[in-house]
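Student: mind looking at a prediction? Sequence and model below.
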Amino acid sequence: MKTYLATVDSQEFRVSLGSDGSPSQINGREVSFSHVWLDRSRHHLHLLFDGRSYDMRIAERDGQVLVTHTGQKTACEVSEENAVPMRRRTTSPDSVPGRFIVTAPMPGLIVQVNVAPGAQVARGDRLVVIEAMKMENDVRSPADGQVIQVDVRAGDRVESGRQLIVIEP
């Protein structure tokens, strides 16, 4: 079962998606739903939930998921449950005001580095992918800015708290 935290209009939902026949849950309540991605894309979704039909458009912008249903857009923040506490620990201000040091949220293997020194990044951009306990975890940019230092490469093993990247606004 994979669990996500979704925030919609300041309200938080814990969504556990069942697999192998196990039921799904929202905030501990068992729910039944089915869905179909339309137009061969991941942008047009038809959802049948609690006997009601929903036709939605899905887009991602600035680290948020934008859901359009019946003409109304709603911004949602969605992350894997274990990524929320990690996100709070991945950045720390350096001794230089405005500079951010992005650190490893957990021990693991660097499987992908998506930036190089000099690259311009936006808040929420994926910087590094760390594999830990057979799961890939994204480390995202805490702010808009320029990458001034990259201290890891694919294949490196890192400990929790190790400096990965330095970003300057």
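Tutor: Arrived safely.

Student: okay, buried residues for the helix or strand containing Ala6 please.
Tutor: Assessed by DSSP states H and E, Ala6 sits inside strand 2-8. Using 16 or more other CB atoms under 10 Å as the test for burial, strand 2-8 gives Leu5. Where you see a C-beta, it was placed from the backbone N, CA and C, and this is true even at glycine.

Student: list the pairing partners of it within its sheet, with orientation.
Tutor: For strand 2-8, the paired strands and their directions (DSSP bridges) are strand 11-17 (antiparallel), strand 72-80 (antiparallel).

Student: would you format the ones you listed as CSV with distance to Phe100 and mean pLDDT included?
Tutor: Formatted as CSV, these follow (distance: least, CB to CB, whole Å; pLDDT from 0 to 100):
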stretch, distance to Phe100, mean pLDDT
strand 11-17, 26, 83
strand 72-80, 19, 81
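
Student: now those as TSV including distance to Ala132 and mean neighbour count?
Tutor: Shown next, in TSV, are these (distance: least, CB to CB, whole Å; neighbours: other CB atoms under 10 Å):
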stretch	distance to Ala132	mean neighbour count
strand 11-17	20	14
strand 72-80	12	13
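
Student: out of those, nearest to Leu38?
Tutor: Leu38 sits nearest to strand 72-80 of all those, at 18.3 Å, using CB to CB.

Student: so how far is the closest one from its chain's centroid?
Tutor: Strand 72-80 sits 11 Å away from the centroid of its parent chain (CA atoms, centre = their mean, to the nearest Å).

Student: residues contacting it, please?
Tutor: By CB atoms under 8 Å, 6 or more residues apart in numbering, the residues outside strand 72-80 that reach it are 2-9, 63-68, 87, 137.

Student: ok, 7 Å please
Tutor: When contacts are defined by CB atoms under 7 Å, 6 or more residues apart in numbering, strand 72-80 is touched by residues 4-8, 64-67, 87.

Student: now for these: which two are most distant?
Tutor: Farthest pair in the contacts of strand 72-80, by CB to CB: Val67 and Arg87, 21.1 Å.

Student: comparing these two, which residue is more hemmed in?
Tutor: It is Val67, of Val67 and Arg87, that has more neighbours when counted by other CB atoms under 10 Å, with 18 against 15.

Student: residues in contact with the closest residue to His43 other than its chain neighbours?
Tutor: Of all residues not flanking His43 in the chain, Ile58 sits nearest, at 5.5 Å (CB to CB, 6 or more residues apart in numbering). Going by CB under 7 Å, 6+ apart, Ile58 touches 42-43, 45, 65, 67.
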